[in-house]
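**Q** the sequence isn't on hand, but the structure is:
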């Protein structure tokens with residue numbers, strides 16, 4: 001009888017221990033599950049927050065405005081180029097009928113030509129149009145379209161794909177003498193027939209005889225054209 005009681009006590013003890021172990025295990029599992037559920041809830045909340053932010057970004061009026069401004073900036077370039085082209089055509093059609101025009105009119109044409117064509121320059125190209133001309137230039141006369149040859153050759157034959165490419169245009173007037181210089185990088189592959197330069201020299205000889213000096217200089221990858229021209233007053 002005593003043995004049966006002892007056995008019962010042992011069995012009861014084992015059962016109680018198993019129950020306790022099961023309780024702690026089950027309770028621990030519940031805590032882990034609850035912790036995971038809380039973590040999942042945090043993740044879900046973060047995901048919803050990110051989704052709201054993404055939706056806001058897609059619908060953000062500032063984002064739309066900035067994009068439209070970027071598009072508009074390019075359209076402005078195109079519009080500006082068309083306006084400059086209109087000025088060029090007006091000058092070519094009207095002023096070219098005269099034998100001589102004021103130097104200021106010719107320089108305005110040069111600036112318009114430069115503004116239109118500089119759009120195709122590479123962003124890495126260092127370009128500059130430097131004008132050092134006083135108000136008295138309006139009194140000086142020059143044959144129309146005389147400045148176009150240098151700058152046209154620079155855009156047609158120039159190579160602006162090089163990292164150190166450049167287009168440097170200098171115009172100055174000192175004591176009625178025009179100094180006009182265009183320097184640009186060029187490709188040796190590109191070859192010119194030289195017809196434009198010869199026609200340019202003929203025009204100079206006919207319209208400004210004995211009052212000019214033209215000089216061309218080649219380096220490894222640059223070409224510089226310089227014109228010095230004595231101008232008459234109106």
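**A** Looks like it arrived, so ask away. Source: prediction; values computed, not measured. Numbers count the residues shown, from 1 in each chain.

**Q** what ranges do the helices span in this structure?
**A** Residue ranges of the helices in the chain, as given by DSSP state H, are 2-59, 61-94, 103-117, 148-157, 195-207.

**Q** lowest average confidence across these, which one?
**A** Lowest mean pLDDT of those: helix 2-59, a mean of 55.

**Q** quick one: residue 41 and residue 128, what's the gap?
**A** Separation of residue 41 from residue 128 (C-beta to C-beta, to the nearest Å) stands at 63 Å. All C-beta spots, glycine's among them, are computed from the backbone N, C-alpha and C.

**Q** same check, this time on residue 227
**A** 18 Å.

**Q** for these two, indicate the residue with more neighbours.
**A** Neighbours per residue, other C-beta atoms under 10 Å: of residue 227 and residue 128, the larger number sits with residue 227, 21 against 11.

**Q** dig out what that one forms beta bridges with.
**A** Beta-bridge partners of residue 227, counted by DSSP bridges, are residue 180, residue 214.

**Q** that one reaches residue 179, doesn't it?
**A** Yes: counting by C-beta atoms under 8 Å, residue 227 touches residue 179, with 7.5 Å between them.

**Q** which non-adjacent residue is nearest residue 106?
**A** Spatial nearest neighbour of residue 106, excluding adjacent residues (C-beta to C-beta, 6 or more residues apart in numbering): residue 142 at 5.2 Å.

**Q** okay, now the one you found: neighbour count?
**A** Other residues near residue 142 number 23, with proximity taken as other C-beta under 10 Å.

**Q** so it makes contact with residue 104?
**A** No: assessed by C-beta under 8 Å, residue 142 is found out of contact with residue 104, at 9.8 Å.

**Q** quick one: pLDDT of residue 226?
**A** Residue 226 is assigned a pLDDT of 96 by the prediction.

**Q** any idea how far it lies from residue 83?
**A** Per C-beta to C-beta, residue 226 is found 31 Å from residue 83.

**Q** so for those two, which sits in the more crowded spot?
**A** Set residue 226 next to residue 83 and count neighbours by other C-beta under 10 Å: residue 226 wins out with 16 against 13.

**Q** how about the contacts made by that one?
**A** Contacts for residue 226 (C-beta atoms under 8 Å, 6 or more residues apart in numbering) come out as 179-181, 214-217.

**Q** try residue 100
**A** 141-144, 207.

**Q** as CSV, the residues you listed with distance to residue 122 would be great.
**A** Listed next are the contacts of residue 100 as CSV, based on distance: C-beta to C-beta, whole Å:
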residue, distance to residue 122
141, 37
142, 32
143, 33
144, 31
207, 36
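
**Q** make a PyMOL selection of the buried ones in those.
**A** With 16 or more other C-beta atoms under 10 Å as the burial test, the buried ones among the contacts of residue 100 are selected in PyMOL as follows:
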select buried, resi 141+142+143+144+207
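
**Q** filter the contacts of residue 100 down to just the ones in strands.
**A** With strands defined by DSSP state E, the entries of the contacts of residue 100 inside them are 141-142.

**Q** make TSV out of the contacts of residue 226 and add pLDDT.
**A** Below are the contacts of residue 226 laid out as TSV (pLDDT from 0 to 100):
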residue	pLDDT
179	95
180	97
181	97
214	94
215	93
216	93
217	93
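
**Q** and which of the residues you listed is nearest residue 167?
**A** Checking the contacts of residue 226 against residue 167 with C-beta to C-beta, the nearest one is residue 181 at 11.7 Å.

**Q** pretty sure that closest one is touching residue 225, no?
**A** Yes: counting by C-beta under 8 Å, residue 181 touches residue 225, with 6.9 Å between them.
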